[in-house]
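Asks: Okay, structure incoming, though there's no sequence with it:
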Ligand SMILES: Cc1cc2nc3c(=O)[nH]c(=O)nc-3n(C[C@H](O)[C@H](O)[C@H](O)COP(=O)(O)OP(=O)(O)OC[C@H]3O[C@@H](n4cnc5c(N)ncnc54)[C@H](O)[C@@H]3O)c2cc1C
């Protein structure tokens, strides 16, 4: 495998989602400048990268990495998303603001050096910004509509066989193919299957109602993003564009049984049943805008949250799992940033391995990455379990107790959260 020669290293990536695309950018960035850029081919299963989905929060660490990879400039140039200075937490029944998780930092400009706040953006717009950046790199090719049927590897390289009979070989394969990863299930660890977490995310986008007073749009109780806790789930309400004329409405809720592992866009009667269920669950809201947003939500999706077990195997000698394929977990507020960190840290380890050119197998770089990454992922996984518990159905007493605990929990975990928002994996010590 070339690590010191003039021949570029050949890297294939399965999956053109957020992990696959940002990992390709990071690998390009961290290949030592004395070597030719890597030849990267991304194979995506769908006919085109899917730009559907809800609105995600890009935390300060996520924005820092997107900036570093050149994608934040593309997002800003298109005016995508809405700056989020804090996620505010409300009790649905009293309307009281209980606490907030802030991204303002010590002087209101954000966290870290240079400071970043957060950006609430649709998954689709985030992906479009990254895709526009990919287009600027000649060494990265994106091929869509490729279904993998087999993966084999030996000491010379990795070969992927596709359904259409084509084959693709490479020095290294990176599986960025999401929770139901074929790279994992056909090659790295077939026994590690996803399981349903017991919670679903039902979401849609609602246009703000017009009124005759003030700004002409119905007032909201949240500045940018509000998390409204009820007895039967948590409802996220958030602006996601500069005009603040549309609100992302997403309910995290306990649903014991679910038929499908993939999210789907509900139509007709299904969409109306989901909306009815949401209205019932979040009934009794002191905040008048809440039922309006649920009633007005369009393009309703139901996203059953699947999860992998903690730990698991991430790599073979030449194949590495990055993002959800390695560690899908229920949402804990930082998932997208974690995926960007994976890609950048992995690319730095691989770049260092190329720089050293010691002739050691590439697994050395894989092992280094894992040793740096496992702890962070394990902690995030434990946090995600806390989130699952807070959206489980509860009685009135349980709700009251929860409403008292949440502010303490946010206060207690604030230093830990801010540490991660500030942490910069582009400069962190590799000891390699
Ligand atoms: C269509 C879609 C909508 C989503 N919507 C939401 C949402 O609303 N809220 C939320 O919290 N999370 C959502 N997610 C999940 C969220 O994007 C991921 O948890 C997170 O971004 C991790 O990114 P990832 O790239 O590791 O995985 P994903 O974002 O899941 O990306 C994996 C990519 O790999 C592709 N792929 C899958 N199998 C193969 C294969 N065999 N060969 C090649 N490519 C393959 C997929 O089509 C996808 O493009 C969504 C994922 C998808 C695919």
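Replies: Sure, I can see it. Since the structure is predicted, the reported quantities are computational estimates derived from the model, not experimental observations.
Asks: ok, residue 66 touching residue 81?
Replies: No. Taking contacts as C-beta atoms under 8 Å, residue 66 lies outside contact range of residue 81: 10.8 Å. For every residue, glycine as well, the C-beta is placed using N, CA and C.
Asks: which residues are common contacts for the two?
Replies: Residues touching both residue 66 and residue 81 (C-beta atoms under 8 Å, 6 or more residues apart in numbering) are 58, 75.
Asks: Leaving out chain neighbours, which residue sits closest to residue 104?
Replies: Leaving aside its sequence neighbours, residue 104 sits nearest to residue 85 (C-beta to C-beta, 6 or more residues apart in numbering; 5.3 Å).
Asks: Kindly provide the distance from that neighbour to residue 336.
Replies: 18 Å (C-beta to C-beta, to the nearest Å).
Asks: thinking again about what came up before, show me the contacts for the residue nearest to residue 104.
Replies: Neighbouring residues of residue 85 by C-beta under 8 Å, 6+ apart: 102, 103, 104, 108, 117, 118, 223, 224.
Asks: 10 Å instead, please
Replies: Applying C-beta atoms under 10 Å, 6 or more residues apart in numbering to residue 85 gives the contacts 100, 102, 103, 104, 105, 108, 110, 117, 118, 223, 224, 225.
Asks: Could you tell me how many residues sit around the second one?
Replies: If you count neighbours by other C-beta atoms under 10 Å, residue 102 ends up with 20.
Asks: Show me which residues of the chain are close to the ligand?
Replies: Applying C-beta under 6 Å from any ligand atom, we find that the chain lies next to the ligand at 14-20, 43-46, 49-50, 52-54, 123, 148, 176-178, 182, 201, 263, 303, 323-325, 331, 335-336, 339.
Asks: out of these, which are buried?
Replies: If you count burial by 16 or more other C-beta atoms under 10 Å, the buried members of the residues of the chain next to the ligand come out as 14-20, 43-45, 49, 53-54, 123, 148, 176-178, 182, 201, 263, 303, 323-325, 331, 335-336, 339.
Asks: Show me these that map onto helices.
Replies: Within these, residues falling in helices by DSSP state H are 18, 19, 20, 123, 182, 324, 325, 335, 336, 339.
Asks: Now render these as JSON lines, adding pLDDT.
Replies: JSON lines is the format used below for these (pLDDT from 0 to 100):
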{"residue": "18", "pLDDT": "96"}
{"residue": "19", "pLDDT": "97"}
{"residue": "20", "pLDDT": "98"}
{"residue": "123", "pLDDT": "94"}
{"residue": "182", "pLDDT": "98"}
{"residue": "324", "pLDDT": "97"}
{"residue": "325", "pLDDT": "98"}
{"residue": "335", "pLDDT": "87"}
{"residue": "336", "pLDDT": "93"}
{"residue": "339", "pLDDT": "97"}
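Asks: Which pair in the residues you listed has the greatest spatial separation?
Replies: Between any two of these, the greatest separation by C-beta to C-beta is 22.1 Å, found for 182 and 336.
Asks: Next up, the contacts around the one residue in the stretch 301-432 of the chain that gets nearest to the ligand.
Replies: Ranked by C-beta to the nearest ligand atom, the top residue of the stretch 301-432 of the chain for proximity to the ligand is residue 323, at 2.6 Å. Shown in contact with residue 323 (C-beta under 10 Å, 6+ apart): 15, 17-20, 22-23, 174-179, 181, 335-336, 338-340, 342-343.
Asks: before we move on, what about residue 123?
Replies: When contacts are counted by C-beta under 10 Å, 6+ apart, residue 123 touches 17, 18, 50, 51, 52, 53, 54, 55, 56, 336.
Asks: Now, those that are in strands?
Replies: When DSSP state E defines the strands, the subset of the contacts of residue 123 inside them is 55, 56.
Asks: helix/strand/coil for residue 368?
Replies: Per DSSP: H, G, I helix; E, B strand; the rest coil, the secondary structure class of residue 368 is helix.
Asks: Residue 323 versus that one, what's the distance?
Replies: Separation of residue 368 from residue 323 (C-beta to C-beta) stands at 18 Å.
Asks: circling back: could you report the pLDDT at the residue of the stretch 301-432 of the chain closest to the ligand?
Replies: pLDDT for residue 323: 97.
Asks: ok, back up a step: may I ask which of the contacts of residue 85 has the most neighbours?
Replies: Most neighbours among the contacts of residue 85, by other C-beta under 10 Å: residue 118, with 31 neighbours.
Asks: what about residue 243, how many neighbours?
Replies: Look at residue 243: counted by other C-beta under 10 Å, it has 10 neighbours.
Asks: is it true that it touches residue 208?
Replies: Yes. Between residue 243 and residue 208 there is a contact at 9.5 Å, judged by C-beta atoms under 10 Å.
Asks: Give me the common contacts of these two.
Replies: Common neighbours of residue 243 and residue 208 (criterion: C-beta under 10 Å, 6+ apart): residue 217.
Asks: and residue 365, what does it touch?
Replies: Going by C-beta under 10 Å, 6+ apart, residue 365 touches 3, 172, 315, 320, 346-354, 356, 432.
Asks: In contact with the closest residue to the ligand within the stretch 1-150 of the chain, which residues?
Replies: The minimum distance from the stretch 1-150 of the chain to the ligand, using C-beta to the nearest ligand atom, falls at residue 17 (2.2 Å). Taking C-beta under 10 Å, 6+ apart as the criterion, residue 17 is in contact with 42, 44-46, 49-50, 53, 123, 127, 130, 176-178, 323-325, 339.
Asks: Mind telling me what element residue 228 is part of?
Replies: Applying DSSP states H and E as the criterion places residue 228 in strand 225-230.
Asks: Show me the shaky parts of the stretch 101-250 of the chain.
Replies: 214 (pLDDT under 70).
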